[in-house]
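Mind folding the following:
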Amino acid sequence: MELNRQNMRKILFIAAFSIILFLGLQNLDSVARGVKSVLGLLTPFLIGIAMAFLLYVPLEFIEQKILFSDRKLIKAIRRPVSILLSVLLVSAILFVVIVMLVPQLAETVQILTNYIPVFFRSIPEWADDFTQRFPDFNQWLETVEIDWNRIGNNIMDFVKNSTSSVLGSTISAISHVFSTAFNVIVAFVFSIYILLNKEKLAGQMKRLLYAYLPEKRAARIIEISRLTKKTFYKFVTGQIIEATILGLLCFIGMLILRIPYAPVASVLIFITAFIPLFGAFIGTGLAAFIILMVNPMKAVWFVVFIIVLQQFEGNVIYPRVMGTSVGLPAMWVIVAVTVGGGTMGIVGMLLAVPVASVIYALLKQAVGDRLKKKGFNLKKMEMDQ
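Numbering: from 1, shown residues only. So this is what the prediction gives:
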C-alpha cells in the first residue's frame with residue numbers, strides 16, 4: 001500500500017480508534033459513569049426532541065389540512081397557531097385521561113382501605129376454623145416456644161429503620177420531583193423552539209454535513225435521515241390508529257358483556273396500546289384490578305375478553321396497520337417487537353418497529369443495487385416468486 005497522505009490519515013485514524021477502544025474496554029466502569037453523566041445532562045434535550053416529534057404529527061395535519069392558505073396573514077401566523085392548537089389538543093387528551101382515571105383509582109384505594117380492616121378482623125375466625133379442622137397442627141403449635149420479646153424488639157428495630165428510610169426516600173422523592181419538573185419545562189421549551197425553526201435547523205445541519213463530509217457521504221446521511229423521519233412519522237400515526245381501534249373495540253365489547261368501568265378500562269387499554277403488541281396486557285392488569293374490587297367474576301370475564309381481543313389485534317390489526325404504515329412485512333413486525341422487548345424492555349418495543357423498518361428499507365435498497373450491478377432482472381425475479 002502506498003504511504004500517501006490519504007492512506008496515512010486512515011492508518012492514524014485506525015490506530016487512534018484502536019487505542020481508544022482498548023482503553024475503554026480496560027475502564028468500562030469509568031466509561032459507563034461518563035456516558036450516564038452525559039445522558040443525564042442531555043436528558044431534557046432528548047425529551048424535548050421526543051416531544052417535538054409527537055407534536056409534529058398533529059402540527060403537520062393542522063398546517064397542511066386546516067390552515068393551508070396562500071394569504072400572507074395566514075402564512076405569518078400558521079406555524080405559531082398550529083403549534084398552539086397541537087399543544088392544546090395533546091393537553092386536552094391528557095386532561096380527559098386524568099379526569100377519567102384519577103377518581104376511579106381513588107375509589108379503588110377507598111375500597112381497599114375499607115376492605116383491609118375487614119380482612120384482618122376475619123383472620124382470628126379463619127385461624128379458629130383452621131385449628132378445628134386440623135387439631136394436630138394446634139397441638140404442634142402449643143409445643144413451639146416463641147420468644148415474643150425478641151420478636152417485639154425486632155419489629156421495633158424494623159420500624160425505626162423503616163422510618164428513617166422513609167424520611168430519606170421522601171426527601172429524595174421531593175428532589176426527584178423538582179428535577180423532573182425542571183427537565184419537563186426545559187424539554188417543552190426546547191421542543192417548541194425545534195418546531196418553530198425546524199426548516200432552519202434542517203438547513204443548518206445540511207450545510208454542516210456538506211462542509212465537513214464528502215459529498216456522497218453527506219447526501220447518503222441526508223437520505224437516511226429523511227427515510228427515518230418519514231418512517232417514524234408513519235409509525236406514530238399508525239400507532240395512534242391502532243391504539244384507537246383497540247380502545248374502541250374494548251369499550252364496545254365491555255358494553256355488550258356488561259362489564260363495569262368500560263370507559264376507564266378502555267382508556268387504560270388505549271394508553272398502554274402504544275407499547276406494540278404486548279402493551280394492552282399491562283392495561284388489562286390495571287383495569288382487571290379495578291373491576292375485581294366490584295365484581296370478581298366480571299374481572300375474570302374481562303381478562304378472557306381482552307386475551308381474545310389481544311390475539312385478534314396482535315395477529316390481524318397490528319401487523320396490517322403498522323406493516324402498511326411503516327412498510328415492514330407483518331412477520332418482521334412481530335420479530336422486531338419481540339427482539340426489541342427482550343433487549344431493551346418497553347423502550348425497545350416502542351423503537352423496534354420504526355428502527356427495523358429503516359433497516360429493512362436500507363437493506364432492500366442495498367440488495368437491489370447489488371443485484372442490478374450483477375445484471376439480474378429484479379422485476380423478473382419478483383414475478384418468479
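
Quickly note the distance from F232 to I77.
28 Å (Cβ to Cβ, to the nearest Å). Glycine gets a C-beta too; all of them are placed from N, C-alpha and C.

what number of residues lie near A15?
For A15, the neighbour count with other Cβ atoms under 10 Å is 10.

same deal with N7?
11.

On the pLDDT front, check it for me.
Note for N7: predicted pLDDT of 70.

now the helices for the chain?
Counting by DSSP state H, the chain has these helices, from start to end: 5-26, 28-61, 72-121, 123-133, 135-143, 148-196, 198-212, 215-257, 262-272, 279-292, 296-312, 318-326, 330-373, 378-384.

who's more crowded, F232 and I77?
More crowded of F232 and I77, by other Cβ under 10 Å: F232, with 20 against 12.

What residues does the residue nearest to the more buried one when sequence neighbours are not counted make contact with?
Nearest residue to F232 in three dimensions, chain neighbours excluded: P354, at 4.8 Å (Cβ to Cβ, 6 or more residues apart in numbering). P354 is in contact with T228, T231, F232, F235, V326, counting by Cβ atoms under 8 Å, 6 or more residues apart in numbering.

between these, which has the most around it?
Busiest of the contacts of P354 [other Cβ under 10 Å] is V326, holding 26 neighbours.

one step back: tell me which of the helices of the chain sits most buried.
helix 262-272 (a mean of 22; mean count of other Cβ atoms under 10 Å).

Now do that helix: distance to the chain's middle.
The chain centroid and the centroid of helix 262-272 are separated by 16 Å, computed with Cα atoms, centre = their mean, to the nearest Å.

go on, stretch 21-35?
With Cα atoms, centre = their mean, you get 28 Å for stretch 21-35.

List the contacts of that stretch.
Applying Cβ under 8 Å, 6+ apart, the set of residues contacting stretch 21-35 is empty.

pLDDT averaged over that stretch - what is it?
Stretch 21-35 comes out at a mean pLDDT of 76.

Also stretch 261-268?
Here stretch 261-268 scores 83 as its mean pLDDT.

repeat for stretch 89-103
Per-residue scores along stretch 89-103 average to 79.

And for stretch 364-376?
On average, stretch 364-376 scores 76.

Just the C-alpha atoms of that stretch, please, in CSV.
The C-alpha trace of stretch 364-376 is given here as CSV (Å, rounded to 0.1, in the frame of the first residue of the first chain):
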residue,chain,number,x,y,z
LYS,A,364,-33.8,-3.7,0.4
GLN,A,365,-32.2,-0.8,-1.5
ALA,A,366,-28.7,-2.1,-1.0
VAL,A,367,-29.7,-5.6,-2.2
GLY,A,368,-31.4,-4.2,-5.2
ASP,A,369,-28.4,-2.1,-6.2
ARG,A,370,-26.1,-5.1,-5.9
LEU,A,371,-28.3,-7.3,-8.0
LYS,A,372,-28.5,-4.6,-10.6
LYS,A,373,-24.7,-4.4,-10.7
LYS,A,374,-24.6,-8.1,-11.2
GLY,A,375,-27.0,-7.9,-14.1
PHE,A,376,-30.1,-9.5,-12.5
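
Check the offset of it from the chain's centre.
With Cα atoms, centre = their mean as the basis, stretch 364-376 stands 36 Å off its chain's centre.

pLDDT weak spots in the stretch 201-350 of the chain?
Within the stretch 201-350 of the chain, the ranges that satisfy pLDDT under 70 run 276-279, 314, 318-328, 330, 341, 343-348, 350.

Please repeat the previous calculation with a cut-off of 90.
Scanning the stretch 201-350 of the chain for pLDDT under 90 picks out 201-205, 209-210, 212-251, 254, 257-300, 303, 306-350.

go on, the stretch 51-200 of the chain?
Ranges of the stretch 51-200 of the chain meeting pLDDT under 90: 51-87, 89-192, 194-200.

let's see 70
68-75, 104-105, 107-109, 111-124, 126-127, 130-131, 134-176.
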